[in-house]
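[1] this one's sequence-less:
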């Protein structure tokens, strides 16, 4: 009997053990399924985007560090963010006066922080909300930014985002591939990340950029920015941000002969005696050196002459008067430093141009501190739209590129080339007055290199670049191991050649005719400017498709210089 009882208990124990094993297996399977489900199942938690403060700024799907602010129902945008969005520094803030200046090709808008009155091209312009300084940033009303630049600032209250879009931007849009299941926008490119927006039906989504081969950075209709699976997106239309309406672009008055052929008229103490100026066939523009910066307060000295203008107009020539800084560094620094002094200069130039019936202004700022580089660009950006509004051509004189801070490096040729109508390349002074070695004022290889560097490195359009050629050369004296020189014109060179009975020979290295002679113990050397060099220079203008040529300066002329240049410009 006891044996039977033991056998029964043993069977019961075996059954319980078998049941326990089955239960454990089932639990393991369930746990594995649950773990697998947790590993591969998408997160269905929906969260509200947390962008910190309200009015989070986004551009091309990227969160900017700064936020916008709201004044009533008007957005204000931080200048530091706008500087990230715009390629060019078209907006200038001057803290001392609280002035903000916005420039375009045809407009200059001036406003001040905490003021509702502004000026647009010198006319009163009313703001709905004022710019303001807040912390370390300046906040600008969005409305004028839209008017001037076409910048769109799209605010979505559901997400608290402000999306910036530039005029001309083309934004690809998508819609749900399955209108029922929709597009799930998540905080990270992972199905385990929380959901910030679910887009169903025909909701349109901005598709900013592709993160990888499975995910894209997108922005939902409610403004939330996140990641969506490419498989859930179906391409829709593209949105082109509209550009603001603009007046017809300024066009310089037509020039006789097509190519620009300008000469400078150096005016010193006395007015030019036009009776002593002979015919100048082919010259389409004269640029008298009439206006000069007088002091750091922006006052301009004028030597303008109405009789000279009448003389030029009667001969079919336009007058583009030159405005110089007098080559004085300190006064230039002071005059360019503030919007008040810059506009004082601009207002005087506008008045002079109207008074004397000018067709253009040629800006010639030289010997400038490299620290004034941006201020000079700002001055030209403020000057050009207002001169254009008055129908005036704007040109600026630049030197060839070099490592000299005050002769070359202060010039931002890239920015200036985008603003002015013409850039005059003063391709001379390769060897200057106090040069330690004698040489050409402008050898042909050096001249060509000066052209190509500005075209290639600074991307100045060829149709804006003008090759300025010297009508002068230098008489070099070498004696006792010392070198000295003096500038002489073409007629003086011709008389020296005749008096010394010299025969010019072609110097292959410079592409110019050359003479030398001895006077006492001194060696005299001249690299000549004549028909040979001028024709070669004009050929360079043709070779690179330049806008034309200019000459410094008219009084250095000699022989048949004007006919030579005219014929060379016609013969391409």
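    Right, received. Where do you want to start? All values derive from a computational prediction rather than experimental measurement.

[2] Apart from its chain neighbours, what residue comes closest to the residue most central in space within the chain?
    By Cα atoms, centre = their mean, the mean C-alpha position of the chain lies nearest to residue 415, the distance being 3.7 Å. Counting by Cβ to Cβ, 6 or more residues apart in numbering, residue 377 is the residue found nearest to residue 415 once chain neighbours are left out, at 4.6 Å. In short, each C-beta sits where N, CA and C put it, glycine included.

[3] correct me, but that neighbour touches residue 413?
    No: between residue 377 and residue 413 there is no contact under Cβ atoms under 8 Å: 10.0 Å.

[4] all strands of the stretch 451-572 of the chain, in order?
    465-470, 473-479, 482-488, 505-507, 512-519, 522-527, 548-552 (DSSP state E, counting those that start in this stretch).

[5] export these to TSV and tack on distance to residue 59, mean pLDDT and mean neighbour count?
    Listed next are the strands of the stretch 451-572 of the chain as TSV, based on distance: least, Cβ to Cβ, whole Å; pLDDT from 0 to 100; neighbours: other Cβ atoms under 10 Å:
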stretch	distance to residue 59	mean pLDDT	mean neighbour count
strand 465-470	34	99	25
strand 473-479	55	98	19
strand 482-488	54	98	15
strand 505-507	57	98	13
strand 512-519	54	98	16
strand 522-527	55	98	20
strand 548-552	41	98	24
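
[6] Please produce JSON lines containing these, extended by distance to residue 175.
    Converted to JSON lines, these look like this (distance: least, Cβ to Cβ, whole Å):
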{"stretch": "strand 465-470", "distance to residue 175": "49"}
{"stretch": "strand 473-479", "distance to residue 175": "72"}
{"stretch": "strand 482-488", "distance to residue 175": "73"}
{"stretch": "strand 505-507", "distance to residue 175": "72"}
{"stretch": "strand 512-519", "distance to residue 175": "69"}
{"stretch": "strand 522-527", "distance to residue 175": "72"}
{"stretch": "strand 548-552", "distance to residue 175": "54"}
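
[7] Tell me which residues touch the residue nearest to residue 92 when sequence neighbours are not counted, please.
    Leaving aside its sequence neighbours, residue 92 sits nearest to residue 101 (Cβ to Cβ, 6+ apart; 4.5 Å). By Cβ atoms under 8 Å, 6 or more residues apart in numbering, the contact list for residue 101 reads 91-92, 94, 108-110, 339, 378, 382.

[8] burial count for residue 121?
    The number of residues packed near residue 121 is 14, by other Cβ atoms under 10 Å.

[9] swap in residue 104?
    16.

[10] residues touching the nearest residue to residue 417 once chain neighbours are set aside, list them.
    Closest residue to residue 417 apart from its sequence neighbours, by Cβ to Cβ, 6+ apart: residue 460 at 3.6 Å. The contact partners of residue 460, by Cβ under 8 Å, 6+ apart, come to 413-414, 417, 423, 454.

[11] Also residue 61?
    206, 208-209, 217-219, 225.

[12] okay if I get those residues as CSV plus distance to residue 178 and neighbour count?
    Listed next are these as CSV, based on distance: Cβ to Cβ, whole Å; neighbours: other Cβ atoms under 10 Å:
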residue, distance to residue 178, neighbour count
206, 19, 22
208, 22, 19
209, 23, 11
217, 21, 19
218, 16, 29
219, 20, 26
225, 22, 24
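
[13] Among those, which lie within helices?
    If you go by DSSP state H, these have nothing in helices.

[14] Of those residues, which belong to strands?
    206, 208-209, 217-219, 225 (DSSP state E).

[15] wait, which of these is closest to residue 537?
    The nearest member of the ones in strands among the contacts of residue 61 to residue 537, counting by Cβ to Cβ, is residue 209 at 49.4 Å.

[16] and the closest residue in space to that closest one that isn't next to it in sequence, what is it in contact with?
    Leaving aside its chain neighbours, residue 209 sits nearest to residue 217 (4.9 Å; criterion: Cβ to Cβ, 6+ apart). Counting by Cβ under 8 Å, 6+ apart, residue 217 makes contact with 61, 207-211, 225-227.

[17] switch to 6 Å and redo it
    Residues near residue 217 by Cβ atoms under 6 Å, 6 or more residues apart in numbering: 61, 208-209, 211.

[18] Mind telling me what element residue 448 is part of?
    helix 444-457 (DSSP states H and E).
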